[in-house]
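Colleague: based on what follows, work out the 3D shape:
(chains A and B)
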2 protein chains.
Amino acid sequence: MNAHDKFIAATAHVDAAAIAPLPNSRKIYVEGSRPDIRVPMREISQSDTPASFGAEQNPPIFVYDCSGPYSDPQAKIDIRSGLPALRQQWIEERGDTELLPDLSSEYGRARAADPALDELRFPGLHRKPRRAKAGANVSQMHYARRGIITPEMEYVAIRENLNREQYIASLRASGGLKGQKMADMMLRQHPGQHFGASIPGAITPEFVRSEIARGRAIIPNNINHPESEPMIIGRNFLVKINANIGNSAVTSSIAEEVDKMTWSIRWGGDTVMDLSTGKNIHETREWIIRNSPVPIGTVPIYQALEKVDGKAEELTWEIFRDTLIEQAEQGVDYFTIHAGVLLRYVPLTANRMTGIVSRGGSIMAKWCLAHHKESFLYTHFEDICAIMKAYDVAFSLGDGLRPGSIFDANDEAQLGELKTLGELTDIAWKHDVQTIIEGPGHVPLHLIKENMDLQLEHCKEAPFYTLGPLTTDIAPGYDHITSGIGAATIGWYGTAMLCYVTPKEHLGLPNKQDVKEGIITYKLAAHAADLAKGHPGAQIRDNALSKARFEFRWEDQFNLGLDPDKAKDFHDETLPKDSAKVAHFCSMCGPHFCSMKITQDVRDFAAAQGIGEAEALKKGMEVKSVEFVESGAEVYRNV
Amino acid sequence: MNAHDKFIAATAHVDAAAIAPLPNSRKIYVEGSRPDIRVPMREISQSDTPASFGAEQNPPIFVYDCSGPYSDPQAKIDIRSGLPALRQQWIEERGDTELLPDLSSEYGRARAADPALDELRFPGLHRKPRRAKAGANVSQMHYARRGIITPEMEYVAIRENLNREQYIASLRASGGLKGQKMADMMLRQHPGQHFGASIPGAITPEFVRSEIARGRAIIPNNINHPESEPMIIGRNFLVKINANIGNSAVTSSIAEEVDKMTWSIRWGGDTVMDLSTGKNIHETREWIIRNSPVPIGTVPIYQALEKVDGKAEELTWEIFRDTLIEQAEQGVDYFTIHAGVLLRYVPLTANRMTGIVSRGGSIMAKWCLAHHKESFLYTHFEDICAIMKAYDVAFSLGDGLRPGSIFDANDEAQLGELKTLGELTDIAWKHDVQTIIEGPGHVPLHLIKENMDLQLEHCKEAPFYTLGPLTTDIAPGYDHITSGIGAATIGWYGTAMLCYVTPKEHLGLPNKQDVKEGIITYKLAAHAADLAKGHPGAQIRDNALSKARFEFRWEDQFNLGLDPDKAKDFHDETLPKDSAKVAHFCSMCGPHFCSMKITQDVRDFAAAQGIGEAEALKKGMEVKSVEFVESGAEVYRNV
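Modeller: Next comes the predicted model:
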């Protein structure tokens, strides 16, 4: 769809680029303790090792799959109907919610009744809004603290394990001593450096429950977003990434934002934040949520500000409250709430290089100054908790005073607010409301650890959710990279979710290509963090890809990577012929200079002597010098 | 030039894209103690702060400039003539060299005499090769150890300081209390974490000399490459980056490689390695060196292998020696020599995931196995030293056994070789030969520090020069980023030079766009490392850019960045009109939601009360609560 075409609900259709399965990939479902717990994964099949390298079978590997039904050829996709409500039964079974006769939000009702919006409105929602029964708390944290393992918890436990047992079994089944040796190799992984994380070898539903109960992880899943596939955010789980989308007054349409959502999840966005600020926010969000298999986050103050025509000082608790309820009944899974922007912190920003760069933070600072009192987000925080627990919306406590430049990193304003976020976490937890904490921003490499350490201390291990951080300010156009460096680093230290930054950061609104670039950058950063933490099984994919690379299985190398399309295109730019994809050398060096080929020659050379490779080498050394023998004696310990 | 056109020397011309000055930039020269020490820098001018933000003057900042005469509109560029020999006088003055009647290398003479090569040959060299007089040592290390400060040392001292005194003076000159406050702010920088580096506040020629004398830094500058502008590589100096170029049997021509060189230095390549492996290596290199203002590195074994038709086992010391002399007399500034690949290490690679991935390393491993003895690089290491010191070629001791996958990181083969490189460093230093040490490769984040620590220990702080390292294997197509993460990290820990990786790594040969992408990624990684180390003045550029960003000086924001062209293009994609570049909001949020605009509103709001901003804020707080007053009392300490 062209962004400049008028969006019409009746003709809305899915982005064709987002639905084809990735090459050699198949969506599989791992079933849980009941048939309606079906956890999606992507299985990537591999070709056999060529005869010259030993003719082994390479079993498929399983990777985390955020793409929902879109990449499943069995699924019937019609974005005018939305996705199936896979969690609806689980929610209903708990018996602690009720369907409401109508939307509770005044604004929501007004939009629903406005015939001028008919043309734009999502046509496929035929159920009523749902809310906790009076006095009930429907948050996953509340269940967890009562010892209940929900289907959502079991679902994420299965999801986090990535079908590793199946992969191990397939490896072991390849048989023989050689097969066992290969299996050992493919499963070997460097011990990590975890900085106090407690990651078990396998994730059990009970572990999920206990982590949620103590606030160290959340499953963001509003009862009004039953289409979502449960996922978990916490330092003892795989590091997740968020993609921001959203239209603005300046550009972009509903169709474009829905396309960005399906595109984001195709490439691995674990959650999506809809940061729309233009007109038709309400309708855009409805289309996104109804079609999103991943949790959706928002910053409700943006919409509230629209309702008062951009005049921050005219915001009121009543308008904000109605907005929270409006969005909660649409199904938003987590709200960024900048309740930590206290009046006393605002002056601390006056001598900053870049003042307040968080939109929400600056809106609240303006309000605080205009009224000379603490914001309604702070004074009504317990009222907000009451709304959150009635729908199981999670808090993402916003860092409204995050640094917008290296200069401002780790200053009093930022760290003061962080401490307040810790106090608010206690209040949220008192209400059993799931909570994550937002973090910076712009921070030089050596000051990143302080952010993590203080967050863990003040917020008692509530999951940290950081924007980057950018490690230098001097590369506009490349801030996905300046921030990817910081993101990998802080992920290693313990951050649970990384909010992506696109190449357009500071310069313009990301298009689909920018969204993909941001996502892949953050997927690789999150994975680098998982490896460094020593997350069990994290290295399986690296090992498989590197084996494919060494054996010149080009297609497998492409397909095992995060972006098979780009890898193949890059290869084909230099060596376009199909025959090049079975060549035992590559375009970088040509046949004479291929180190991998030479390495194989080394092995062949040894084999040609009629003895094993290691033996040949050993013999060669033995006859040469005592030094060799001494070293050689040690060399073969592991063979 | 189109890569597929035939290259003809007579019509060779400079890449037009590489010579235009960058926007609002001017090349300046800082003069040293003698008029022929003229150190180039790039001055980036800035517009004034708009009236609404205080109407300040923003003095120009000075940035490191690798682009040589190409970006100087005064210079006459003709790549058929090459660059002026700016160091020739300094070399001659020392009186320890002599011009040779002819090339010393047999191969060099044969190529020079071959009429079939006339069409390709660089036509502009009209001087004879130069060599140390018998018994003399012309390395900068040798001079340094005798207490001599060469013009080259003074040059790099001036270069490293980046005209900071001038910038400070301009800032101070803006006058008045407000001007002083701004100056303090623009010069403020976070103290770094330096891990044992000893970076002085300002670099003096004597400091340069002492660092070179103790082997902690090198100035790679062959006496046969007098066109080069001296630069320094060492952990107590700015982190440098290297760009690899080079043709191969599969693709690319002389013209394309010369274009890549001028393109690399435009964007900030501090040195360039010519890794050509195809035909006409000799002639390609001549064109590159004669036109290069930055040091050129090579891996001589690549060419030696061509001379024996790719049969590694047929390599001999004599062929290799002739190749070294051939290249030394062309002016190559540093040689990668894989002398640490010992026979006893080769079996340690047999159970690796990806074997030996260094081309040079695999060639030498094959040779060692074929002959069952140590390589001639190792056995003739002192003979090589004798050649190096006769031309001042620096060693880059190659890590032939670097890991090619996360699996293989920090294994016995790699770390064994590193120890041997330390022993070879001692031998090189015995001969006063400048030496740097190459490092990995593929290493997960948490194992990077071990690489740096062991290198510092084994190699006694000889500069470390690493390829990345890549922090995960799973993102082919994005390995500039997987490795940029590792590069920033190891740069912070103490690596002196980062060898770039392009997006095409593992997949194909980089084109110009890939080269730029790799360079900018590595420039930002090197800068992130400088900031983290607390390199004096490193934050000036971040501060200036962030101030421009906050004040909506869009053009300044673009121009102060590493890639003004891309930043402007990205901005214009969303808001193409010129008026948008003076708008006090941007395309991301529109006017209502612009946090920077709101921050300014906050300041204006305070000012409108007829008192100063800080006072207004303080007053507002005083009347509200005791808590505010308590905090407020502390707030204004720094105002």
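Colleague: what about A:Asn511, how many neighbours?
Modeller: 18 (other Cβ atoms under 10 Å in any protein chain shown). The C-beta positions use only the backbone N, C-alpha and C, and glycine is treated the same way.
Colleague: residue boundaries of the helices in the stretch 451-600 of chain A?
Modeller: A:479-493, A:512-533, A:539-550, A:554-560, A:564-574, A:595-608 (DSSP state H, counting those that start in this stretch).
Colleague: how about stretch A:434-449, does it reach chain B?
Modeller: Yes: if you take Cβ under 8 Å from any Cβ of the partner chain as the test, stretch A:434-449 does meet chain B, through A:442, A:444-447.
Colleague: these two touch, right, A:Tyr143 and A:Asp96?
Modeller: No: contact between A:Tyr143 and A:Asp96 fails when scored by Cβ atoms under 8 Å: they sit 9.4 Å apart.
Colleague: more crowded one of the two?
Modeller: Comparing A:Tyr143 with A:Asp96 by neighbour count (other Cβ under 10 Å), the higher total belongs to A:Tyr143, at 22 against 16.
Colleague: thinking again about what came up before, tell me the most buried of the helices of the stretch 451-600 of chain A?
Modeller: helix A:479-493 (a mean of 30; mean count of other Cβ atoms under 10 Å in any protein chain shown).
Colleague: circling back: of the residues of stretch A:434-449 next to chain B, which pair is most distant in space?
Modeller: A:His442 and A:His446 (13.5 Å; Cβ to Cβ).
Colleague: what about those two, which has more around it?
Modeller: A:His442 (28 against 22).
Colleague: mind checking pLDDT for that one?
Modeller: A:His442 is assigned a pLDDT of 98 by the prediction.
Colleague: how about it, phi and psi?
Modeller: phi -120, psi 110 (degrees, to the nearest 10).
Colleague: same check, this time on A:Leu275
Modeller: phi -100, psi 30.
Colleague: out of the residues of stretch A:434-449 next to chain B, flag the one nearest to B:Pro476.
Modeller: For the residues of stretch A:434-449 next to chain B, the nearest to B:Pro476 is A:Leu445 (25.7 Å; Cβ to Cβ).
Colleague: so who does the residue nearest to the closest one when sequence neighbours are not counted touch?
Modeller: What sits nearest to A:Leu445 in space, not counting adjacent residues and going by Cβ to Cβ, 6 or more residues apart in numbering or on different chains, is B:Ala532, at 3.8 Å. Applying Cβ atoms under 8 Å, 6 or more residues apart in numbering or on different chains to B:Ala532 gives the contacts A:444-446, A:471, B:192-193, B:488, B:491-492.
Colleague: please apply the same query to A:Met261.
Modeller: A:245, A:272, A:274, A:288, A:291-292.
Colleague: quick one: pLDDT of A:Phe615?
Modeller: Just so we're on the same page, residue A:615 is Glu rather than Phe. For A:Glu615, pLDDT reads 53.
Colleague: correction: A:Glu211
Modeller: With respect to pLDDT, A:Glu211 has a value of 98.
Colleague: same check on the one 4 residues further on?
Modeller: Confidence at A:Gly215, expressed as pLDDT, is 98.
Colleague: can you get me a residue count around it?
Modeller: With other Cβ under 10 Å as criterion, A:Gly215 counts 25.
Colleague: of the helices of the stretch 451-600 of chain A, which is nearest A:Asn280?
Modeller: Using Cβ to Cβ, these put helix A:512-533 closest to A:Asn280, at 20.1 Å.
Colleague: okay, now A:Pro347: neighbour count?
Modeller: 28.
Colleague: please apply the same query to the one 5 residues further on.
Modeller: The number of residues packed around A:Arg352, counting by other Cβ under 10 Å, is 22.
Colleague: check contacts around the closest residue to it other than its chain neighbours.
Modeller: Leaving out its chain neighbours, the residue that sits closest to A:Arg352 by Cβ to Cβ, 6+ apart is A:Asp408, at 4.7 Å. With contacts defined as Cβ under 8 Å, 6+ apart, A:Asp408 is in contact with A:352-354, A:414, A:442.
Colleague: so which of those residues belong to helices?
Modeller: In helices, defined here by DSSP state H, the members of the contacts of A:Asp408 are A:Gln414.
Colleague: dump the contacts of A:Asp408 to TSV, plus distance to B:Tyr522.
Modeller: Below are the contacts of A:Asp408 laid out as TSV (distance: Cβ to Cβ, whole Å):
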residue	distance to B:Tyr522
A:Arg352	30
A:Met353	26
A:Thr354	26
A:Gln414	29
A:His442	20
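Colleague: determine which two of the contacts of A:Asp408 are furthest apart.
Modeller: A:Met353 and A:Gln414 (12.7 Å).
Colleague: kind regards, and thank you for your time.
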